[in-house]
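In: Model the structure of this input:
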Amino acid sequence: MSSSYNAKSVIRYARPSYDDVSAEARALIDQSRKYKDSILRLRRDDHSDIYLKGGERILFYADKLKVVDGRLVAGEPLTTLWDDILSNNLHAEGGVEFPKGKKPEALLKRALELCSAPGDWVLDSFAGSGTTGAVAHKMRRRWIMVELGEHCHTHVIPRLKRVIDGEDPSGITKIVKWKGGGGFRYFRLAPSLLTQDKWGRWVISKEYNGPMLSEALCKLEGFTYKPSDTVYWQQGFSTERDYLYVTTAHLNHDQLQQLSD
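Out: Got it, this is the predicted structure:
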């Protein structure tokens, strides 16, 4: 019986492929077969040293271990197929249900570790159940998530609130020693300002009423949207003397003169 605690003491023998090793290794194999009771060693700079006894190689259990999340586990070099991350108890992660769509937090943790550092921005344009934001937050990354469906209200926001309040013990919480903290801002995107009519002309979308149109133009032109209570044409301002007035009507000469004055 063995464990990672005595890994350096656990060995097994394996017959090396004589034709696939270097000439130096073949010479050591020949020598080992001759002196069967001796342990011979081939030192190597770029790989683990080779130990031989009786022509067979001694493999150390310690060489098969890797440090994952602070503990030694048996593993082999990873390929592009990550089949070591299981979906056990996935339904309970984040406290939200998302059948056939939720990703394991451990999977997102590995991806973010490979391509980001604390403080970096992480973008997920299909937020789903909010796993990316939850993992990024716990790993002290900044994040942006986008979602078109109602998942923002039913899944993402409740999940992130639990993460921030330190009330989400699931997923990678214990591994990264997450205790809670931080915050987020939630924005609802407005509909597109312009749309094409049946002749292909770009026109203002009918979803916009007067105040929405004024606010959109203030945003585009760099003005602050703040309609005056007393002056109709002061819908926004940039300085004390620069104002913005938005209208879809035709202005006559008297109106233009009033604005000019």
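In: C-alpha only now, for contacts and for neighbours.
Out: Noted.
In: In this structure, where is pLDDT below threshold?
Out: Counting by pLDDT under 70, the chain contains low-confidence ranges at 1-7, 74-80, 83-84.
In: Tell me which stretches of it form helices.
Out: 23-34, 105-115, 131-138, 151, 157-164, 210-221, 253-260 (DSSP state H).
In: I'd like to know which elements the fifth one is packed against.
Out: Think helix 157-164. Judged by 3 or more Cα pairs under 8 Å, 6 or more residues apart in numbering; DSSP states H and E, the packing partners of helix 157-164 are helix 131-138.
In: now do the last one
Out: Here helix 253-260 touches no other helix or strand, going by 3+ Cα pairs under 8 Å, 6+ apart.
In: So what's the residue count around D63?
Out: Applying other Cα atoms under 10 Å, we find 14 residues neighbouring D63.
In: just to revisit the earlier point, can I get the helices of the chain in JSON lines including distance to S17 and mean neighbour count?
Out: Listed next are these as JSON lines, based on distance: least, Cα to Cα, whole Å; neighbours: other Cα atoms under 10 Å:
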{"stretch": "helix 23-34", "distance to S17": "9", "mean neighbour count": "16"}
{"stretch": "helix 105-115", "distance to S17": "34", "mean neighbour count": "15"}
{"stretch": "helix 131-138", "distance to S17": "44", "mean neighbour count": "26"}
{"stretch": "helix 151", "distance to S17": "56", "mean neighbour count": "16"}
{"stretch": "helix 157-164", "distance to S17": "52", "mean neighbour count": "20"}
{"stretch": "helix 210-221", "distance to S17": "70", "mean neighbour count": "15"}
{"stretch": "helix 253-260", "distance to S17": "91", "mean neighbour count": "9"}
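In: Any idea what the residue lying closest to I39 once chain neighbours are set aside is bridged to?
Out: Of all residues beyond its chain neighbours, the one nearest I39 is K53 (4.9 Å), with distances taken as Cα to Cα, 6 or more residues apart in numbering. Note on K53: beta-bridge partners by DSSP bridges are I39, E56.
In: thought K53 was touching S38?
Out: Yes - counting by Cα atoms under 8 Å, K53 touches S38, with 6.1 Å between them.
In: what's the overlap in contacts for these two?
Out: Common contacts of K53 and S38, defined by Cα atoms under 8 Å, 6 or more residues apart in numbering, comprise S32.
In: who has more neighbours, the two?
Out: Legend: neighbour count by other Cα under 10 Å for K53 and S38, higher for K53 (21 against 13).
In: so Y243 touches Q235, yeah?
Out: Yes - the criterion here is Cα under 8 Å, and Y243 meets it with Q235 at 7.1 Å.
In: Comparing these two, which shows the higher neighbour count?
Out: Q235 (21 against 18).
In: out of everything not next to it in sequence, what's closest to the more buried one?
Out: Distances taken as Cα to Cα, 6+ apart put P227 closest to Q235, at 3.9 Å, once the chain neighbours are dropped.
In: ok, now which ones touch that neighbour?
Out: By Cα under 8 Å, 6+ apart, the residues touching P227 are 234-236.
In: And it, how far from F98?
Out: Separation of P227 from F98 (Cα to Cα, to the nearest Å): 44 Å.
In: Now do the domain split for this structure, please.
Out: Listed by automatic domain parsing, the domain ranges of the chain are 4-65, 78-189, 194-260.
In: How far off centre is the last one?
Out: The reference is to domain 194-260. Taking the mean of its C-alpha atoms, domain 194-260 sits 40 Å from the chain's own mean (Cα atoms, centre = their mean, to the nearest Å).
In: Which one of the contacts of P227 is nearest to R110?
Out: Nearest to R110 among the contacts of P227, counting by Cα to Cα, is G236 at 47.6 Å.
In: what about the closest one, how many residues close to it?
Out: Around G236 there are 23 other residues, counting by other Cα under 10 Å.
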